[in-house]
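Pasting the sequence and the predicted coordinates here, then a few questions.
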Amino acid sequence: MPAQTTPLLGCIADDFTGATDLANMLVREGMRTVQTIGVPDSAPQDVDVIVVALKSRTAPAAEAVADSLAALSWLRQQGCRQFFFKYCSTFDSTPQGNIGPVTDALLQALGSDFTIACPVFPETGRTLYRGHLFIQDQLLSESGMQNHPLTPMTDPNLVRVLQQQTASKVGLIGYPAVSQGAEQIRAGIDVLRRQGVRMAIVDALENQDLYAIGAACADLPLVTGGSGIALGLPGNFVRTGLLDPQQGAAAGELPAVEGLSMVLAGSASKATNAQVKAWMEKRPAFRIDPLALASGEPVVAQALAFARQHLERQPALIYATTTPEQVKQVQAELGVERAGLLIEQALADIAAALLESGVRRFVIAGGETSGAVVKALGVRALRIGAQIDPGVPATASIGTTPLALALKSGNFGSIDFFEKALRHLGETRL
Ligand SMILES: Nc1ncnc2c1ncn2[C@@H]1O[C@H](COP(=O)(O)OP(=O)(O)O)[C@@H](O)[C@H]1O
Ligand SMILES: O=C(O)[C@@H](O)C(=O)COP(=O)(O)O
């Protein structure tokens with residue numbers, strides 16, 4: 001079968017590492033995938049999927065809608081046949097949006113009357129039963145997400161949560177139907193459609209459920225969810241002869257990248273804290289102090305001097321990561337936004353200078369942090385490679401200095417993620 005020349009699936013992701021997570025799933029299922037940073041100037045070649053990464057999760061709803069519609073319009077111009085709106089597996093949103101308003105706008109633009117909403121991602125412990133989202137063994141509202149600074153999730157019932165964000169009728173396809181497979185799910189969709197439901201939360205517990213849901217959604221112009229639900233979509237293209245099933249692992253092949261390596265961590269999440277601690281037990285690390293940054297100390301220059309001292313011999317870590325208590329203290333002193341931006345800017349400046357010094361492999365922890373760093377590195381698009389850990393693939397930059405990158409969402413990755421990721425990117429001095 002000749003390689004597909006027009007992309008099949010067009011995806012819009014509401015944040016940067018979330019986009020990479022989605023792309024990872026699609027590559028795993030044999031689709032060649034490129035992620036762009038916003039709507040790009042030119043179309044990527046030789047791809048089955050394009051994922052446009054936006055920064056719309058916490059933007060005002062009108063802005064999130066406008067950015068998402070612009071991405072949709074561009075993806076339609078590229079010839080995509082089906083569209084996917086990716087949000088967080090913890091359904092991160094406020095009562096004002098943006099999952100509801102963006103879904104409404106995309107449905108309307110596509111002339112469609114129905115879609116599903118399913119954030120389930122079993123490999124990272126996100127399951128949904130009778131409309132209630134669980135994070136491992138806890139309800140969403142007791143998982144720590146109730147304390148999220150921007151999008152506190154205090155209600156685990158996603159039918160209720162989504163209904164608050166939209167005037168469209170929201171329904172549920174429950175586990176009794178889902179567990180019986182694609183045909184029953186399709187029947188459930190038909191029933192809800194007849195009742196005037198426009199968006200259905202869909203229960204799922206295992207990957208097997210996600211494959212069935214994917215098959216049932218073959219004819220929907222728009223599918224929405226976390227990265228898990230994308231597992232079942234590539235099979236639809238294989239069944240209709242549009243995607244070569246032999247492509248398999250080759251979909252994730254990346255060019256080798258030569259050069260020095262560095263880890264940058266701007267995430268303060270629990271998983272990143274553990275990963276930083278594990279790294280520091282064996283390897284060099286430099287802490288960015290936000291208060292020193294704010295008082296004008298030459299923190300960036302000090303971090304670079306540290307890096308240059310180690311880089312020729314082994315990779316090193318520069319991190320702002322700290323405990324929630326210390327983050328709160330810094331935020332009280334500097335303000336939430338200023339603290340975040342100061343650190344993101346410092347890590348971005350450090351990354352740009354490291355690029356000049358020959359660093360070509362970067363492991364970056366944190367969604368916002370990844371956005372800032374990748375921008376400073378001049379990257380506009382990424383080809384997606386093999387999975388490092390659930391939700392995090394190896395990636396390679398396209399159209400700029402060849403770089404190997406791993407962008408980690410704060411909550412993802414095993415405790416030894418940094419070393420593991422560096423090895424995946426081709427670093428041998430570990
Ligand atoms: N020590 C710290 N004090 C205050 N803010 C911090 C600290 N370390 C990191 N931050 C900020 O916290 C935010 C973390 O967000 P992000 O990079 O998206 O990580 P995650 O994926 O874990 O949410 C960033 O804006 C970052 O600059
Ligand atoms: O779906 C997920 O959990 C991730 O892909 C994601 O979007 C995580 O967001 P951040 O933790 O803000 O990177």
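Yep, that arrived. Numbering: from 1, shown residues only. Ligands and ions are numbered 1, 2, ... in the order given.

give the contact list for the residue of the stretch 1-150 of the chain at minimum distance from ligand 2.
Residue nearest to ligand 2 within the stretch 1-150 of the chain: G18 (2.9 Å; Cβ to the nearest ligand atom). For every residue, glycine as well, the C-beta is placed using N, CA and C. By Cβ atoms under 8 Å, 6 or more residues apart in numbering, the residues touching G18 are 53, 57, 86-88, 227, 367, 409.

now, among these, which is nearest to V276?
Nearest to V276 out of the contacts of G18 is S409 (Cβ to Cβ; 15.2 Å).

Tell me, how many residues neighbour that closest one?
Applying other Cβ atoms under 10 Å, we find 25 other residues in the vicinity of S409.

Was I right to think it contacts G391?
Yes. Shown here, S409 and G391 form a contact pair, counting by Cβ atoms under 8 Å, at 6.0 Å.

Could you tell me which residues touch both of those two?
Applying Cβ under 8 Å, 6+ apart, one finds that S409 and G391 are jointly contacted by D21.

quick one on the thing from earlier: ok, which pair from the contacts of G18 is furthest apart?
Largest separation among the contacts of G18 by Cβ to Cβ: R57 and S227, giving 14.4 Å.

which of the two has more neighbours?
Ranked by neighbour count (other Cβ under 10 Å), R57 and S227 place S227 first, with 32 against 24.

which residues does that one contact?
Neighbouring residues of S227 by Cβ under 8 Å, 6+ apart: 18, 21-22, 24-25, 86, 89, 121, 391.

let's go with 6 Å and repeat that
Contact analysis of S227 by Cβ atoms under 6 Å, 6 or more residues apart in numbering lists 21-22, 25.

Columns distance to Q195, pLDDT and secondary structure on top of the contacts of G18, output as JSON lines?
What follows is the contacts of G18, written out as JSON lines (distance: Cβ to Cβ, whole Å; pLDDT from 0 to 100; DSSP: H, G, I helix; E, B strand; the rest coil):
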{"residue": "A53", "distance to Q195": "35", "pLDDT": "95", "secondary structure": "strand"}
{"residue": "R57", "distance to Q195": "30", "pLDDT": "91", "secondary structure": "coil"}
{"residue": "K86", "distance to Q195": "27", "pLDDT": "98", "secondary structure": "strand"}
{"residue": "Y87", "distance to Q195": "24", "pLDDT": "97", "secondary structure": "coil"}
{"residue": "C88", "distance to Q195": "28", "pLDDT": "96", "secondary structure": "coil"}
{"residue": "S227", "distance to Q195": "29", "pLDDT": "97", "secondary structure": "coil"}
{"residue": "G367", "distance to Q195": "37", "pLDDT": "89", "secondary structure": "helix"}
{"residue": "S409", "distance to Q195": "36", "pLDDT": "92", "secondary structure": "coil"}
